[in-house]
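**Student:** show me the folded form of this:
(one chain, ligands or ions: 1)
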Amino acid sequence: MTPTTTTTLCFLALAFYGIRSILRRIFSTLDSVPGPASKSIITGNLSQFHDLDDWGFQQELEENYGRVVKLHGFLGDRHLFVFDPVALHHILVKDQDVYEEMPKFLCLDLLVFGRGIFSTMGDDHRKYRKTMMPAFSTLNLRGVVPLFYEVAERVGTLLPQQLDFNSISCRTSLELIGRTGIGYSFDPMLPGQEQTDRYARALRGLFVTAFKLQLFIPLLPILMNLLPPALRRFLINFIPSQPLHELRDLVDLTDSTAAQLVKDRKMAQEGGKLDGSEEGKDIMSLLGMHLADDELVACLSMILFAATDTTSSSMNRMIHLLALNPEVQHKLREEVLTAPEHLDYDKIDALPYLDGFVREILRLYPPVPVMFREAMSDITLPLSTPIIGSDGTIMHTIAVPKGTSIYVGLAAANHDKSIWGEDALEFKPDRWTKGKADSVETKLPGIYGNTMTFLGGGRSCIGFKFAQLEMKVVVCVLLRSFSFSKPDSGIRWRKTGIMPSPYVNDEPKLPIVVERLRA
Ligand code: HEM
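**Tutor:** A predicted model of the protein is given here:
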């Protein structure tokens, strides 16, 4: 970017934030909600919150203030970090039409993917959701279990030649959704071969690149209202910003590839070239019956995106935890070895220690630790436990002004000691098998195991059964033949975007010692 363009864009962004936050400051009812002091008059607490390595700040929010915490945004803007169970129920379920997806993210999703489940609200969103849900039902998943095994067994052929498990998780998660979702193989997963698919790389690059433009994302709703699509597209060519051009090219690539996949699939279907096992079973066939081609292309890219980074993050966590906890690994292998080699959906689901292991990973280390919402009108937020305001008043409810950004603390609710007990921050799969987790009294509004990992309400994750099945099949297959140990002591989990990923130095990596077990 030239200095003049950068200065103009910065000026516009600052003017926008400045006017908005001055107005919000004058009319804010959130001042007495306790929270950490602002660290900077420009960025408030945002740099701490989004710091790649600062997990301590998140923990401070979880432990030091109460279950609704005030954060400072740009230029003194007030945000709320929430993990109170009753407040969460109101935000995600009861008043979900008031606490909507942030308009700036809806616009970003519309630009990146097109019109579909991520980029719409209200009735339109409900329509896409209703169309997509059956593709992820237990009934449909039962039919694709053999494909899960096939991919997981190919993972086995890559071990122990390749010791960076991070690259294996990324390849596996994309291949699984590719094969089961759209009947497309992104990766032969052969020993000694790197993944070369351009589409796969582009999908992975989308949000990393969009993140580089985060200062300007809040301007999207205004720009999209002012400028028609063709003019926006034309103007991008004249804005000398490398990340913007990169994003445009990535979107072009993902869009044209998804369009080609849809076209090929339709031709194969019409020409009777799909084999009987593929016909009508995968996500693309099911969605194709209800959506127009452009909607199908958008939904396809959204599903591939939603199903890759999240599941590779949890698969990485799974292997890292196995390597760190040999006794858990031993117990799990014993359970797996006493079961037949290939299990159907219900039998996999019925393995108790495996189920507790997966639930505990997803509770303690949710791949999406926080979600964002915005109050679309002034509204009262009830609390389960009153908080003491910084002016000494006892607050049973909070008056939330229109436009307030809400940080939904998924990890914070999953770590809450008043729900899970004093050992809430410890990794204990047995808490699920011994009934302790089921007997917790406080109910969270999440859709899975009383945790918030897959959210709750009308925008909750529709792929949560798919994600668990993936983790379970992969671990079942790998534990039969391999042991995992000695994780590199330099592994540290960083927030990439908001998703935790393993790094060694500045490289995404999960070096683990993998050994083949003797038969
Ligand atoms: C461990 C893995 C996963 C986690 C932790 C996870 C988590 C989430 C969360 C927190 C949301 C809410 C996002 C929001 O409100 O903006 C969500 C939405 C969604 N997820 Fe997942 N997800 C996972 C895997 C998957 C998989 C495997 C698929 C598909 C195969 C999927 C498909 C979706 C879709 C389509 C939505 C949008 C739902 C809507 O807006 O109505 N997810 N997911």
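**Student:** ok, now which ones touch the closest residue in space to residue 411 that isn't next to it in sequence?
**Tutor:** Nearest residue to residue 411 in three dimensions, chain neighbours excluded: residue 369, at 3.7 Å (Cβ to Cβ, 6 or more residues apart in numbering). In this view, the C-beta of every residue, glycine as well, is placed from N, C-alpha and C. Listed by Cβ atoms under 8 Å, 6 or more residues apart in numbering, the contact partners of residue 369 are 58, 409, 410, 411, 412, 495, 498, 500.
**Student:** tell me the confidence at residue 369?
**Tutor:** Model confidence at residue 369, given as pLDDT, is 95.
**Student:** in the stretch 201-350 of the chain, where is pLDDT below threshold?
**Tutor:** 273-281 (pLDDT under 70).
**Student:** for the closest residue to the ligand within the chain, what are its contacts?
**Tutor:** Closest residue of the chain to the ligand, Cβ to the nearest ligand atom: residue 463 (2.1 Å). When contacts are counted by Cβ under 8 Å, 6+ apart, residue 463 touches 136, 303, 306, 307.
**Student:** wait, residue 487 touches residue 320, no?
**Tutor:** Yes. Using Cβ atoms under 8 Å, residue 487 is in contact with residue 320, at 5.7 Å.
**Student:** got any residues that touch both of those two?
**Tutor:** With Cβ under 8 Å, 6+ apart, residue 487 and residue 320 have common neighbours 510, 512.
**Student:** any idea which helix or strand carries residue 374?
**Tutor:** strand 370-375 (DSSP states H and E).
**Student:** residues from this structure in reach of the ligand?
**Tutor:** When proximity is defined as Cβ under 6 Å from any ligand atom, the chain approaches the ligand at 101, 117, 129, 177, 302-303, 306-307, 310-311, 314, 366-368, 371, 453-455, 459, 461-463, 466-467.
**Student:** which of those residues are buried?
**Tutor:** Buried by 16 or more other Cβ atoms under 10 Å: 101, 117, 177, 302-303, 306-307, 310-311, 314, 366-368, 371, 453-455, 459, 461-463, 466-467, out of the residues of the chain next to the ligand.
**Student:** have a look at residue 487 and residue 320 and say which one is more surrounded.
**Tutor:** The neighbour comparison of residue 487 against residue 320 (other Cβ atoms under 10 Å) goes to residue 320, with 22 against 19.
**Student:** give me the phi and psi angles of that one.
**Tutor:** In terms of degrees, to the nearest 10, the main-chain angles of residue 320 are phi -60, psi -40.
**Student:** need the contact list for it.
**Tutor:** Here residue 320 is in contact with 165, 487, 491, 502, 510, 512 (criterion: Cβ under 8 Å, 6+ apart).
**Student:** so which of those residues sit within helices?
**Tutor:** Among these, the residues falling in helices (DSSP state H) are residue 165.
**Student:** flag the shaky bits of this structure, pLDDT-wise.
**Tutor:** Applying pLDDT under 70 to the chain flags residues 1-14, 17-18, 20-27, 162, 194-196, 273-281, 519.
**Student:** can I assume residue 34 is in contact with residue 392?
**Tutor:** No. Under the criterion of Cβ under 8 Å, residue 34 is not in contact with residue 392, lying 10.9 Å apart.
**Student:** the more surrounded of the two?
**Tutor:** residue 34 (16 against 7).
**Student:** name the nearest residue to the more buried one, sequence neighbours excluded.
**Tutor:** Per Cβ to Cβ, 6+ apart, closest to residue 34 is residue 65, 4.7 Å.
**Student:** so what's the one you found up against?
**Tutor:** Shown in contact with residue 65 (Cβ under 8 Å, 6+ apart): 34, 35, 36, 387.
**Student:** among the residues you listed, which one has the most neighbours?
**Tutor:** residue 35 (22 neighbours).
**Student:** ok, which stretches of the stretch 251-400 of the chain are helices?
**Tutor:** 283-288, 293-324, 326-338, 345-349, 352-364 (DSSP state H, counting those that start in this stretch).
**Student:** repeat for the stretch 101-250 of the chain
**Tutor:** Under the criterion DSSP H, counting those that start in this stretch, helices of the stretch 101-250 of the chain are mapped to 103-113, 122-132, 138-158, 165-182, 198-212, 220-226, 229-236, 242-270.
**Student:** just want the angle from the fourth one to helix 242-270.
**Tutor:** Interaxial angle, helix 165-182 versus helix 242-270 (axes from the mean of the first three to the mean of the last three Cα atoms, to 10 degrees): 40 degrees.
**Student:** surely residue 307 touches residue 464?
**Tutor:** No. Contact criterion Cβ under 8 Å: residue 307 and residue 464 do not qualify, at 10.9 Å.
**Student:** any idea how many residues pack against residue 186?
**Tutor:** 22.
**Student:** I'd guessed it sits against residue 200; true?
**Tutor:** Yes. Judged on Cβ under 8 Å, residue 186 makes contact with residue 200 at a distance of 4.8 Å.
**Student:** and for those two, which residues touch both?
**Tutor:** By Cβ under 8 Å, 6+ apart, the residues touching both residue 186 and residue 200 are residue 174.
**Student:** now do the longest strand seen in the chain: distance to the chain's middle.
**Tutor:** In the chain, assigned by DSSP state E, the strand with the most residues is strand 379-388. Offset of strand 379-388 from its chain centre (Cα atoms, centre = their mean, to the nearest Å): 27 Å.
**Student:** same for that strand, what does it pack against?
**Tutor:** strand 68-72, helix 85-89, strand 394-400 (3 or more Cβ pairs under 8 Å, 6 or more residues apart in numbering; DSSP states H and E).
**Student:** which parts of the host helix or strand of residue 469 are buried?
**Tutor:** Assigned by DSSP H and E, residue 469 belongs to helix 464-481. Buried residues in helix 464-481, counted by 16+ other Cβ under 10 Å: 464-479.
**Student:** so residue 67 touches residue 81, yeah?
**Tutor:** No. In this structure, residue 67 is not within contact of residue 81 by Cβ under 8 Å, at 9.2 Å.
**Student:** overlap in contacts of the two?
**Tutor:** residue 412.
**Student:** that older thread, dump the helices of the stretch 251-400 of the chain into CSV; add distance to residue 249 as well.
**Tutor:** Shown next, in CSV, are the helices of the stretch 251-400 of the chain (distance: least, Cβ to Cβ, whole Å):
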stretch, distance to residue 249
helix 283-288, 25
helix 293-324, 15
helix 326-338, 43
helix 345-349, 40
helix 352-364, 35
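**Student:** and the contacts of stretch 142-153?
**Tutor:** 172, 175-176, 179-180, 189, 281-282, 342-346, 348, 469-470, 473-474, 476-478.
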